[in-house]
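Novice: Based on what follows, work out the 3D shape:
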Amino acid sequence: MTSDAQVLGDPGHHLFARSYAPEKWQAGQSDGASMSVSLSVVVVSYNLPRELPRTLFSLSAAYQRGIPRDDYEVLVLDNGSAKPPQLADFAHLDLNLRIESTEVQSSSPVAAINQGLRQSSGEIIGVFIDGARLASPGLLVEARAALQTHKRAFVGSRGRYLGPQFQRLSMARGYNQAVEDQLLADCGWESDGYKLLDVSVFDESSGPTWYDPISESNSLFMTRSLWTELGGYDAGFQIPGGGLANLDTWSRACELSDSTAVVLQGEATFHQVHGGVSTNAPRQRQLFAQYNREYRALRGHDYRYPSKPLVFWGELPRNSLRSELVPDKFSPLVWQKKLDRLKQQVLTLVQDVSGMGWIDSQGSKR
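Specialist: Numbers count the residues shown, from 1 in each chain. Model (predicted):
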């Protein structure tokens, strides 16, 4: 039998059959109340009164497929919102939910994530670094199943932007929260979350096809023991929004001895526009140069894409666009991604030579 990867000419990648026999692992200890759930999802939130309710609905048992409510918990870490979310706001979701305030106030989400890793209860822990991301309906059950294929596996999904283009480009053409609200209302995602695939595009780190390498995942799952070995997120990333902390975490997981990088096929997270420091910044390339300077200070070299081969798990969407299956060398997204990488390299070099200070999200030197 020929795999989809072979049909599409994908070199060296494999799709696992669903009947793969799982291996066992030893769970570590947590600061949570108990180990009564198999899976914990840590979600970081900061000033997301519009976006967080949708994100939590997308993580509820009414929306997620194939995983009972009592099998998992969602732990929201509020990172200093002006109006912190309250449990009562989400009682209608029938979700095994906890909301905690961060112990350390920071414009970076790293401390909040590490607190969530400590306070979570599950043997498996998934991290949403951005609480504005909707989940696809099979994300949790497929991530849990994929982790069982290898003792030292870590699992990620691809990220997508709601809207017709990279959101920084869409926003320049009038895309905003009101437009997005109407898009979501019209597509019927609450009854079938896979309809989100029809109103979104891969983000810069995840595309342009289901077979491209990724540089990060906005829903990253590992066993507790592997998170402990990794040391969680690096607290050195203190730029607002976290800078390259998420990319660094994926890269370090790739570098762990005998680790296996598994990327879900057909599942994703979908970014709602909310004026985020990084994702929705109009001067994103300049920000990357700033982020890369912090990264270099911590790692001793510029950021580089991990070279670890990926293992694919799951099924591709039935109605996948051909452009998301087979690379099109003339695709604007392909060339935009290449151009962005080149500009990022040039901007980093220019800042190094000129001794410019960091640039904030408004493009101001400081």
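Novice: Just the element for Val42, please.
Specialist: Assigned by DSSP states H and E, Val42 belongs to strand 39-45.
Novice: Report the distance from the helix or strand that that strand is followed by to the chain centre.
Specialist: Using DSSP H and E, the helix or strand that follows strand 39-45 in sequence is helix 51-58. Centroid displacement of helix 51-58 relative to its chain, using C-alpha atoms, centre = their mean, to the nearest Å, is 15 Å.
Novice: What's the first helix or strand after helix 51-58?
Specialist: strand 72-78.
Novice: Now do the helix or strand following that following strand against strand 72-78, angle only.
Specialist: Beyond strand 72-78 on the C-terminal side, the first helix or strand identified by DSSP H and E is strand 97-101. Per axes from the mean of the first three to the mean of the last three C-alpha atoms, to 10 degrees, the angle that strand 97-101 makes with strand 72-78 is 20 degrees.
Novice: just checking, what packs against the helix or strand just after strand 97-101?
Specialist: Once the chain leaves strand 97-101, the next helix or strand it forms, by DSSP H and E, is helix 110-119. Applying 3 or more C-beta pairs under 8 Å, 6 or more residues apart in numbering; DSSP states H and E, one finds that helix 110-119 contacts strand 39-45, strand 72-78, strand 97-101, strand 124-128. C-beta: built from backbone N, CA, C; applies to glycine.
Novice: give me that answer again for 6 Å
Specialist: Helix 110-119 is packed against strand 72-78, with contacts defined by 3 or more C-beta pairs under 6 Å, 6 or more residues apart in numbering; DSSP states H and E.
Novice: Might one say that Ile99 is in contact with Leu77?
Specialist: No - using C-beta atoms under 6 Å as the test, Ile99 is too far from Leu77 to be in contact (8.2 Å).
Novice: Those two: who's more crowded?
Specialist: Shown here are Ile99 and Leu77; by other C-beta atoms under 10 Å, Leu77 has more neighbours (26 against 19).
Novice: and the gap between that one and Leu52?
Specialist: Distance, Leu77 to Leu52, using C-beta to C-beta, to the nearest Å: 12 Å.
Novice: For Lys308, which residues are in contact?
Specialist: By C-beta atoms under 6 Å, 6 or more residues apart in numbering, Lys308 lies in contact with Cys254, Ala261.
Novice: what stretches of the stretch 201-350 of the chain score poorly on pLDDT?
Specialist: 276-285, 327-350 (pLDDT under 70).
Novice: which residues in it form helices?
Specialist: 224-230, 245-255, 284-299, 332-354 (DSSP state H, counting those that start in this stretch).
Novice: Just say helix, strand or coil for Ala178.
Specialist: Of the three states, Ala178 takes helix under DSSP: H, G, I helix; E, B strand; the rest coil.
Novice: Val141 is in contact with Gly66, correct?
Specialist: Yes - using C-beta under 6 Å, Gly66 makes contact with Val141 at a distance of 3.9 Å.
Novice: Who has more neighbours out of the two?
Specialist: Val141 (18 against 12).
Novice: and that one, that one's in a helix?
Specialist: Yes - the assignment for Val141 (three-state DSSP) places it in a helix.
Novice: State the distance from it to Leu147.
Specialist: Counting by C-beta to C-beta - Val141 and Leu147 are separated by 11 Å.
Novice: same question, Ser58
Specialist: 20 Å.
Novice: of these two, who's got more company?
Specialist: Leu147 (27 against 22).
Novice: quick one: terminal-to-terminal distance for stretch 97-106?
Specialist: The separation between the terminal residues of stretch 97-106, taken as C-alpha to C-alpha, to the nearest Å, is 23 Å.
Novice: Quick one: mean pLDDT for it?
Specialist: Computed over stretch 97-106, the mean pLDDT rounds to 95.
Novice: before we move on, what about stretch 156-175?
Specialist: In this model, stretch 156-175 has a mean pLDDT of 96.
Novice: The stretch 151-300 of the chain: strands as residue ranges?
Specialist: In the stretch 151-300 of the chain, the strands defined using DSSP state E, counting those that start in this stretch lie at 153-162, 200-202, 220-223, 260-271.
Novice: Mean neighbour count and distance to Ile239 added to these, as a markdown table?
Specialist: Converted to a markdown table, those look like this (neighbours: other C-beta atoms under 10 Å; distance: least, C-beta to C-beta, whole Å):
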| stretch | mean neighbour count | distance to Ile239 |
| --- | --- | --- |
| strand 153-162 | 26 | 19 |
| strand 200-202 | 22 | 24 |
| strand 220-223 | 25 | 19 |
| strand 260-271 | 24 | 19 |
